[in-house]
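K.L.:
what shape does this take:
(one chain, ligands or ions: 1)
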Amino acid sequence: MHSMPESVVILTGAGISAESGISTFRAADGLWEQHRIEDVATPEGFFRDPRLVHHFYNTRRRLLLSDPIRPNPAHTALARLEQQFGGEFLLVTQNIDNLHERAGSRNVVHMHGEMLKMRCQISERVFDIRGDISIEQRCRCCGEAGNLRPHVVWFGEMPLQMPRIIGALERCDLFIAIGTSGQVYPAAGFHDIARRHGAETMEINLEDTGSGFDYHICGKAGDTVPRFVDQLLEADRNKASSSRGK
Ligand code: BJW
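P.N.:
This is a model prediction of the structure:
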C-alpha cells in the first residue's frame, strides 16, 4: 500500500466461512450442486415451490446452529480490526451466517440478509428465528399462514443497506474483498466504485479471481487475514504515535 489508510471497507464472501465448515457456493462441493440456483435463490423459485426453499434454508440454518460450526481466525481478526483501528471502518458481508457477530464484530452490514431472520411478505416486518420456517406457520403480525419467508436477498432483489455501503465505498481509501468470487453484482462492482473515488483495492482469496484488484494476497483466509490485520494495526499504531510526537 502506498500510504496508511484512514478509512477501510471490507467485503467478505463465502470463502471466509469455508474454514468454519460452511460450503461456498461455486466450489465443486457447493450447495448449489444439489439445487439449481433458480429453484432456491429467486423469488420465482420460492413462489413455485416454497416447501423446497424452506427446506433448503432450514437445513442450512440447522447446520449453522450445530456444534462444529464456529468462527475461525479470519472472523476473529476482523473483529479485532474493528475494535482497534483508529480510522473509519465498515464490514460488509454477503454471507447470511452470523460468524462475524459470534467472533465479536459489532457493526456488520449483511447485504444479502441473515439466515437467523425471517420476514412477513405482507408487512415486511422482520423476526428472529432459530428453528425451521414452514408454509403452515402463522405470521406473528398478520396471523396468516404462508406469508413468512427467509430474510435473504435472492437474484433480482435489491441488496440491503446499499446507500450506506456506497457512501462508505466513496469515502474509503482502502477496499479489501475477502473470499468472494466476484461473480455476483452489485458486490462484484464495489472495488470499481472504491477505485474511482481514489481507494487502493486488495483481494484476499485462495486464488486471483482476475477481477482487477491493485493487490492480491493468495491463501486461506484463516492464515492470511490475521497476518494482514496484524500488519495494518501495527502501521496504524506507528502512525498514531508518530503524529503524537510531532
Ligand atoms: C476462499 C477460501 C478460503 C474459498 N480462504 N478464500 C448480468 C450481468 C450483471 C449482473 C446481472 C446480470 N443478470 C443479473 C444480474 C444481477 C444479479 C447478478 O449478479 N447475477 C450474476 C449471476 C450475473 N444480481 C442480483 O440480482 C442482485 N440484485 C441486484 O442486482 O439488484 C439490482 C441492483 C441494481 C443496482 C444496484 C444495486 C442493485 C442480488 C444478488 C443476490 C445474491 N444472493 C445470494 C444468495 C443469498 C442467500 C443465500 O446465501 O442463500 O448471495 S447468491 C450467492 O452468491 C450468495 C452469495 O452472497 C453470493 C456471492 O457468492 P460468494 O460469496 O462470492 O461465494 P462463491 O462461492 O462464489 O466464492 C467463494 C470464493 O471464496 C471463491 O473465490 C474461492 O476461491 C474463495 N475461497 N475458500 C479464502 N479458505
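K.L.:
only C-alpha atoms for contact and neighbour calcs from this point on.
P.N.:
Noted.
K.L.:
where in the protein is pLDDT low?
P.N.:
In the predicted model of the chain, residues 2, 27-33, 246 satisfy pLDDT under 70.
K.L.:
can you list the residues of it near the ligand?
P.N.:
13-16, 18-19, 24-27, 41, 94-96, 112, 152-159, 179-186, 205-207, 220-221 (Cα under 6 Å from any ligand atom).
K.L.:
hmm, try it at 5 Å
P.N.:
Taking Cα under 5 Å from any ligand atom as the criterion, the neighbours of the ligand within the chain are 13-15, 24-26, 94, 154-158, 179-181, 184-185, 205-206, 220-221.
K.L.:
residue contacts, the residue sitting nearest the centre point of the chain?
P.N.:
For the chain, the residue lying nearest the average C-alpha position, counting by Cα atoms, centre = their mean, turns out to be T93 (1.8 Å). By Cα atoms under 8 Å, 6 or more residues apart in numbering, T93 lies in contact with 11-13, 108-112.
K.L.:
including neighbour count, distance to Q34 and secondary structure, could these go into TSV?
P.N.:
Conversion of the contacts of T93 to TSV gives the following (neighbours: other Cα atoms under 10 Å; distance: Cα to Cα, whole Å; DSSP: H, G, I helix; E, B strand; the rest coil):
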residue	neighbour count	distance to Q34	secondary structure
L11	24	27	strand
T12	22	24	strand
G13	22	20	coil
V108	15	30	strand
V109	20	28	strand
H110	21	25	strand
M111	22	24	coil
H112	22	21	coil
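K.L.:
let's have the residues you listed in CSV, adding distance to S123.
P.N.:
As requested, the contacts of T93 are exported to CSV (distance: Cα to Cα, whole Å):
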residue, distance to S123
L11, 30
T12, 30
G13, 30
V108, 24
V109, 22
H110, 21
M111, 20
H112, 19
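K.L.:
quick one, strands of the protein?
P.N.:
Read by DSSP state E, the chain holds these strands, from start to end of the chain: 7-12, 88-93, 108-110, 113-120, 126-128, 148-152, 174-178, 200-205, 215-218.
K.L.:
how about these in a markdown table, adding distance to S66?
P.N.:
As requested, the strands of the chain are exported to a markdown table (distance: least, Cα to Cα, whole Å):
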| stretch | distance to S66 |
| --- | --- |
| strand 7-12 | 22 |
| strand 88-93 | 21 |
| strand 108-110 | 21 |
| strand 113-120 | 13 |
| strand 126-128 | 17 |
| strand 148-152 | 19 |
| strand 174-178 | 24 |
| strand 200-205 | 26 |
| strand 215-218 | 30 |
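K.L.:
follow-up on the earlier one: nearest to the ligand among the contacts of T93?
P.N.:
If you rank the contacts of T93 by distance to the ligand using Cα to the nearest ligand atom, G13 comes first, at 3.3 Å.
K.L.:
how far away is that closest one from G179?
P.N.:
Relative to G179, G13 is positioned 5 Å away (criterion: Cα to Cα, to the nearest Å).
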